[in-house]
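*Asks:* okay, predicted coordinates and the sequence, questions at the end:
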Amino acid sequence: MKTLWAGILVLVFVSGCSTGAPSGGKPSSRQDIQSVFEIPADPYQVEVTTDPGQLVEQVIPESGGTIRATAADGSIFTLEVPADAVVVETLIRMTPVSAISGMPFGDGSAYAVQLEPDGLQLINPATLTITPAVEIPVDQQLMFGYQGQGTDLILAAPVVESKEIKILVDHFSGYGVTKGLLADIEPVRQRIGGSAEARLQSRIAEELSRERQRQLLGSSEGGTAIDFTSYFKEYEEQVVKPRIAAAGESCAAGRLALQTVLGHERQQQLLGVAEDNANSLLDAGLMDTVASVCMKEEYEICRDDHVITNIIPAWLGLERQFQLLGIGEGSPALESAKQYVSKCLRFELQFHSEGIFDDGGGGGYASVVEAKTIVQFNTTDLSTRGEAPLINQSYEFKLEGCSVTSQRGGDTFTVMSLAYDPEPASVGKPQGSVRDFTLNYYPGNTKESATIKCEDQPAYPIPPAPMWSGIFLVLHESEMDMQAGGFVAKDWDIMSGDYLAKKEWVLDDDLGITEVGTLKLYHRPQ
């Protein structure tokens, strides 16, 4: 998915250039415009070698944050993420690059870093500051970026007014700086960037770099700023409109269309060329299309592959994005998204337990209970709860020398909360997985009773009492959650498919009581 590069770049370009407004720029020839949109058959790629030993990672919340990595050669990379750049808290990784080969410009040196998760889109751009181990003169600083592991090499946009090496980052991939001259770009420009968007980004970044050098060095060279109005009109026809038309084909296509439209609207506003109907490109209809197709895909992955960890972040991310854009109130797609989440996060918890008391003299009792509880996520209060009958499957009271008639008596099994601890995506599990579950529950108070008839004595009753529950309470006392008023089950065995997890135990003490129990958790999406 591409990004809001152009809008961000123009913002810096307009604010940083002495001409002040696009109308003062140099008109663009049709030939120059068309050259940007002539995609090369063999765009430049580079071969990247990262240094995992220098990797750093940090969770960045919606309020933003800063993360810093240091390369083996002493180069320092500092990423400043502003507030509302990510819609949900995100684990960010920075891995310094130890070597890059195949660069078509520069002297072969490269001070670069890989940002992950690869392809992450930022609502507001971050700033990457690079302090290379060897100082590079301002007029020889060539900043670059690439996709994935080295594809789609382009020039990266600098912060024009900064003396430090600062790059604007609105999506995660690789970024760096090399030592070279802008004149080096001319003979290789036609193979820089493998898409119209990338080539336009690179072309604007080249002009920004030239303007930065002019301002910082006090030079009069560099010519008049280029007016990019015509570039963006062509961009609308070749890129924006086709992406809008394809928005409903998949979640990836929908997100791409949304990001592209947002960038285009910002470009028009900054350039002062927006028409009266420009804002019609970004409306609730497009947002609803994106939300609908993305949540449908997340639900299908959850339903079919039993990936339960991604649908809540996807839903909350959409809610946040609608909120930031100010067009989410009353959206039917967001209401539908809530239904997808609830339908996905539906579980069946099976509980089985046998409590045994042996008085050491031939007497005692054994009581077996079971419960099958449907547990479902509630989007209103973000809780996962449920309850079901606690069925007393069997109960047998024994008293030496007497006959006993035992009566079963169950209650209600209550799940107060169910949460999971997600495992980040990995090579073997690209969708992520669950590390553990935390179940807060109360199994209920059983009501077993009995009638006892001993020789030469009248029959007498034992009134209903929590016989099984008494054993459970004593043996699980250490698992009690006094604040919530129930018991906590952690450290589950993680299973596979719809059989998510199980927990088994055998507990006893010197009072002659024993309890053998099992909890099994199944995924039961609707």
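*Replies:* Structure received. This structure is a prediction, so every number in the text was calculated from the model and none was measured. Numbering: from 1, shown residues only.

*Asks:* where in the stretch 351-500 of the chain is pLDDT low?
*Replies:* Within the stretch 351-500 of the chain, the ranges that satisfy pLDDT under 70 run 424-432.

*Asks:* domain ranges for this structure?
*Replies:* In the assignment given by automatic domain parsing, the structural domains of the chain cover 40-194, 238-343, 345-523.

*Asks:* please name whichever of those domains is nearest to R203.
*Replies:* Between R203 and the domains of the chain, the shortest gap by Cβ to Cβ is with domain 40-194, which sits at 8.0 Å. In short, each C-beta sits where N, CA and C put it, glycine included.

*Asks:* so how far is the closest one from its chain's centroid?
*Replies:* Put simply, domain 40-194 sits 22 Å off its chain's centre (Cα atoms, centre = their mean, to the nearest Å).

*Asks:* how about the domains of the chain, which one is nearest L216?
*Replies:* domain 40-194 (5.1 Å).

*Asks:* now distance to D32 and mean neighbour count too, for the domains of the chain, in TSV please.
*Replies:* Formatted as TSV, the domains of the chain follow (distance: least, Cβ to Cβ, whole Å; neighbours: other Cβ atoms under 10 Å):
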stretch	distance to D32	mean neighbour count
domain 40-194	11	18
domain 238-343	15	18
domain 345-523	42	16
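
*Asks:* would you mind giving these as CSV with distance to T229 added?
*Replies:* Output for the domains of the chain, formatted as CSV (distance: least, Cβ to Cβ, whole Å):
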stretch, distance to T229
domain 40-194, 18
domain 238-343, 5
domain 345-523, 42
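
*Asks:* in this protein, which spans are helices?
*Replies:* 5-16, 30-36, 196-217, 229-235, 241-245, 251-271, 284-305, 311-325, 332-344, 467-475 (DSSP state H).

*Asks:* quick one: low-confidence parts of the protein?
*Replies:* Using pLDDT under 70, the chain drops low at 1-31, 219-227, 263-284, 328-329, 424-432.

*Asks:* residue furthest from the geometric center of it?
*Replies:* The C-alpha centroid of the chain is most remote from D456, which lies 73.7 Å away (Cα atoms, centre = their mean).

*Asks:* how near is that residue to G409?
*Replies:* Distance, D456 to G409, using Cβ to Cβ, to the nearest Å: 29 Å.

*Asks:* ok, now A484?
*Replies:* Note on A484: its distance to G409, by Cβ to Cβ, is 25 Å.

*Asks:* D32 now?
*Replies:* From D32 across to G409, the span is 86 Å (Cβ to Cβ).

*Asks:* try S98
*Replies:* Distance, S98 to G409, using Cβ to Cβ: 69 Å.

*Asks:* just I192 next, same as before
*Replies:* From I192 to G409 the distance is 78 Å (Cβ to Cβ).

*Asks:* so what does R524 have for phi and psi?
*Replies:* The phi/psi pair for R524 (degrees, to the nearest 10) reads phi -130, psi 70.

*Asks:* count the residues that sit near it.
*Replies:* By other Cβ atoms under 10 Å, 14 other residues sit near R524.

*Asks:* re earlier: any idea which of the domains of the chain gets closest to G218?
*Replies:* The closest of the domains of the chain to G218 is domain 40-194. By Cβ to Cβ, the value is 10.7 Å.

*Asks:* for F487, which non-adjacent residue is spatially closest?
*Replies:* E479 (4.7 Å; Cβ to Cβ, 6 or more residues apart in numbering).
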